[in-house]
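1. turn this into a model:
(chains A, B, C and D)
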2 protein chains.
Amino acid sequence: MNARPTITDVARTAGVSVATVSKAINGRDGVSAATHAHVLRVVAELGYESSLVATSMRRGRTNVIGVLVAEFEPFALQLLRGVSTALQDTPYDVLAYAGTVSSGDHLGWERRSLSRLGGTLIDGAILVTPTSTPAQSSVPIVAVDPHTGADGPATVAVHNFDGARAATEHLISLGHRRIGHLRGRTDLESAHQRERGYRAALDAAGIPFDQALVVEGGYRAASATAGSHALLDLDDRPTAVFAANDLSAIEMIGVGTERGLRVPQDLSVVGFDDIPEAASNVPQLTTVRQPLATMGAVAVRILLSMLDGGEPEHIRLPAELITRSSTMPPTR
Amino acid sequence: MNARPTITDVARTAGVSVATVSKAINGRDGVSAATHAHVLRVVAELGYESSLVATSMRRGRTNVIGVLVAEFEPFALQLLRGVSTALQDTPYDVLAYAGTVSSGDHLGWERRSLSRLGGTLIDGAILVTPTSTPAQSSVPIVAVDPHTGADGPATVAVHNFDGARAATEHLISLGHRRIGHLRGRTDLESAHQRERGYRAALDAAGIPFDQALVVEGGYRAASATAGSHALLDLDDRPTAVFAANDLSAIEMIGVGTERGLRVPQDLSVVGFDDIPEAASNVPQLTTVRQPLATMGAVAVRILLSMLDGGEPEHIRLPAELITRSSTMPPTR
DNA sequence: CTGTTAGCGCTTTCAG
DNA sequence: CTGAAAGCGCTAACAG
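-> Residues are numbered from 1 along each chain as shown, chains lettered A, B, ... in the order given. Now for the predicted structure:
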């Protein structure tokens, strides 16, 4: 638990100045070969590593990319995996940060995290499902599955509308007519597009829209509980539900099962995302796949390009319906 | 892309000194109520957030817990999720860091990351599957699934021996006699214990040990490819394989399938970990579950206690065999 | 080639 | 109650 050695310790041990150590370590010239070797030997001996913090403070660049999330949920985790893989053979390290918003804070977590880390700690940031994208930022940003009306900053997302329509059409093609929708986080663009896709599919099939069938899900298990119950409390309850993401779909199934319904016999459920948990759920979830690893890689590509002076880009990738066991024709 | 406001900007705008702003923000006394309110107003107006880096540099504490990993693979990701959840209602933020080891670096990634971040950025660290645990560290550490012979620092792990024995016994009870083993990362204690558990089960069943049936898997898909082929290249190939973790089990299945074998009809495979991907694999993987979320939570509890002056602890949790569809009696 | 100095943004004595 | 000044570890001028 003794303190880590600092550059000063190295300098003292090596019998040279701090500046010389710095130069030697960073390969700057102006250091004799002998001194250079000697310093490196002492560095190895002491097990010295420069402090990211101090370096960051002084120098602009840190060669660290930040992935800023509100919470480490499966969507963010899978994306992180993609980002990390894409950064494998670059000189960049990955730093993922989940900042808690102090209650009563009107700024979003993304703004706060970005401000705290973006000072100097990270060279660029990937924001995962940000509620708002700070217009002013000291580092380049790429937003993944961004908030409503993303325009300025670079973004990566899937074709949410198409995916949601495909999911709903799947239910309709199975014969469902009374289809509920567990809505997503309404501060995100994706939630709106998925709801629009749902409605478009209903319209195309000539199924009248029923406001009572649309309830809040909020993309999280906890926030989907009430909505799930509400749907099942309806006099004429839906025979199928399109949940705006997998976590709420799984919660929907849990609530249904708890109330004695069998999925898919009594209730079909479709999710969105295709997180690993979707396929491991019982029953396995029919869902709309987002290519999360690819999205992470694309975000990295854009960010690196921006770091290199490139322009922000807006990329939208296709979503694909994956049919598994949580859906079947209605039995009533 | 404009620079973030610094404390100096706030001070200038508010017409007070930097010191006063600092006191006001941190609730130190020695600031009049009026000044305090005024400063906070300016802070809000400018959207100021203190720089983690600068604060960290000056102050000891940052209220940030670091999760240090070599790579964001599923094991680390699930653990991270547990850590993050456990830290939910504490004042701590979570920072996950994947440091790349520069080639030719003899120090492990954990040593490097710890040294770079532990200077001041994080108050404590959770090391995920560290190859070595630095004896000297400036912050408290908890190692999860640690290297061989962990003794000093706090550790969290499962009963690897028991879990591995249960997995192997499961195969034996199905009637398998020729059982291969895809070994784990030999620098980790868990790999050795799992191999010991495998051998103990064979011994207990009176099955002679065959060195040719034990090959390297390294806990990663890429490093398990060669071993998987080696096992199937054997003249008298195994009818079942106990892979030291799920990633290598899934790779084993992939290699087998590619070579025209059906799993489990032609080859039974058991994994270890129960990452979400285990249940979503086709066929669903029989495996030994590690309670990853719990392990993360336990690591957090120990770390917080150490931060509070508590002693390092060594916790070992039970592992549980989960029977799914990748195992069945041998057909030949 | 080497060392001295200033300063990144912030907190903390210590004077006023 | 407020501000000036020092210093955390490091790097980048600039002198010697």
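2. closest approach to DNA strand D from the stretch 151-300 of chain A, which residue is it?
-> Nearest to DNA strand D in the stretch 151-300 of chain A, going by Cβ to the nearest atom of the strand, is A:Val300, at a distance of 24.8 Å. Where you see a C-beta, it was placed from the backbone N, CA and C, and this is true even at glycine.
3. give the contact list for the residue of chain A found nearest DNA strand D.
-> Going by Cβ to the nearest atom of the strand, DNA strand D is nearest to A:Ile7 of chain A, at 2.8 Å. Taking Cβ atoms under 8 Å, 6 or more residues apart in numbering or on different chains, we find A:Ile7 in contact with A:18, A:21-22, A:48, A:50.
4. if we go to 7 Å?
-> By Cβ atoms under 7 Å, 6 or more residues apart in numbering or on different chains, A:Ile7 lies in contact with A:18, A:21-22, A:50.
5. if we ignore the residues flanking it in sequence, what's nearest whatever residue of the stretch 201-332 of chain A ends up closest to DNA strand C?
-> Nearest residue of the stretch 201-332 of chain A to DNA strand C, counting by Cβ to the nearest atom of the strand: A:Leu307, 19.4 Å away. Ranked by Cβ to Cβ, 6 or more residues apart in numbering or on different chains and with sequence neighbours excluded, the top spatial neighbour of A:Leu307 is A:Gly124, at 5.4 Å.
6. thought A:Ser305 was touching the one you found, still the case?
-> No. Using Cβ atoms under 7 Å, A:Gly124 is not in contact with A:Ser305; the gap is 10.3 Å.
7. neighbour-wise, which of those two wins?
-> Applying other Cβ atoms under 10 Å in any protein chain shown to A:Gly124 and A:Ser305 shows that A:Gly124 carries more neighbours, namely 21 against 16.
8. near DNA strand D, from the contacts of A:Ile7?
-> A:18, A:22, A:50 (Cβ under 7 Å from any atom of the strand).
9. between those, which has the most around it?
-> Result: A:Ser50 is most packed of these (other Cβ under 10 Å), 21 neighbours.
10. per-residue confidence at it?
-> Listed pLDDT for A:Ser50 reads 90.
11. how far off centre is stretch A:11-31?
-> Relative to its parent chain, stretch A:11-31 has a centroid offset of 41 Å by Cα atoms, centre = their mean, to the nearest Å.
12. how about that stretch, does it reach DNA strand C?
-> Yes. Using Cβ under 7 Å from any atom of the strand, we find that stretch A:11-31 touches DNA strand C at A:15-20, A:23, A:29-31.
13. and the contacts of that stretch?
-> Contacts for stretch A:11-31 (Cβ under 7 Å, 6+ apart): A:7-8, A:10, A:35-36, A:38-40, A:42-43, A:46, A:50.
14. narrow these to those that are buried.
-> Buried by 16 or more other Cβ atoms under 10 Å in any protein chain shown: A:7, A:10, A:35-36, A:38-40, A:42-43, A:50, out of the contacts of stretch A:11-31.
15. point to the helix or strand of chain A where mean pLDDT is at its lowest.
-> helix A:109-118 (a mean of 85; mean pLDDT, DSSP states H and E).
16. that helix and DNA strand C, are they touching?
-> No. Judged by Cβ under 7 Å from any atom of the strand, helix A:109-118 makes no contact with DNA strand C; its nearest approach is 8.4 Å.
17. is that helix anywhere near chain B?
-> Yes. Applying Cβ under 7 Å from any Cβ of the partner chain, one finds helix A:109-118 in contact with chain B at A:111-112, A:115-118.
18. past that helix, which element shows up next along the chain?
-> Downstream of helix A:109-118, the first helix or strand assigned by DSSP states H and E is strand A:124-128.
19. strand partners of that next one, parallel vs antiparallel please.
-> strand A:64-69 (parallel), strand A:141-144 (parallel) (DSSP bridges).
20. which other helices and strands contact the helix or strand that the shortest one is followed by?
-> Spelled out, it's strand A:141-144. Later in the chain than strand A:141-144, the nearest helix or strand by DSSP H and E is strand A:154-158. Contact here means 3 or more Cβ pairs under 7 Å, 6 or more residues apart in numbering or on different chains; DSSP states H and E; on that basis strand A:154-158 packs against strand A:141-144, helix A:292-307, strand A:314-317.
21. one more time with 10 Å
-> strand A:124-128, strand A:141-144, helix A:189-204, helix A:292-307, strand A:314-317 (3 or more Cβ pairs under 10 Å, 6 or more residues apart in numbering or on different chains; DSSP states H and E).
22. for those, give me JSON lines that also has mean pLDDT.
-> Output for the helices and strands packed on strand A:154-158, formatted as JSON lines (pLDDT from 0 to 100):
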{"stretch": "strand A:124-128", "mean pLDDT": "95"}
{"stretch": "strand A:141-144", "mean pLDDT": "95"}
{"stretch": "helix A:189-204", "mean pLDDT": "97"}
{"stretch": "helix A:292-307", "mean pLDDT": "96"}
{"stretch": "strand A:314-317", "mean pLDDT": "96"}
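23. tell me the helix or strand right after the helix or strand hosting A:Gly227.
-> For A:Gly227, the host element (DSSP H and E) is helix A:221-233. Downstream of helix A:221-233, the first helix or strand assigned by DSSP H and E is strand A:240-243.
24. whatever helix or strand comes next after that next one close to chain B?
-> On the C-terminal side of strand A:240-243, the closest following helix or strand by DSSP H and E is helix A:246-258. No. Contact of helix A:246-258 with chain B is not found when judged by Cβ under 10 Å from any Cβ of the partner chain; the minimum separation is 11.0 Å.
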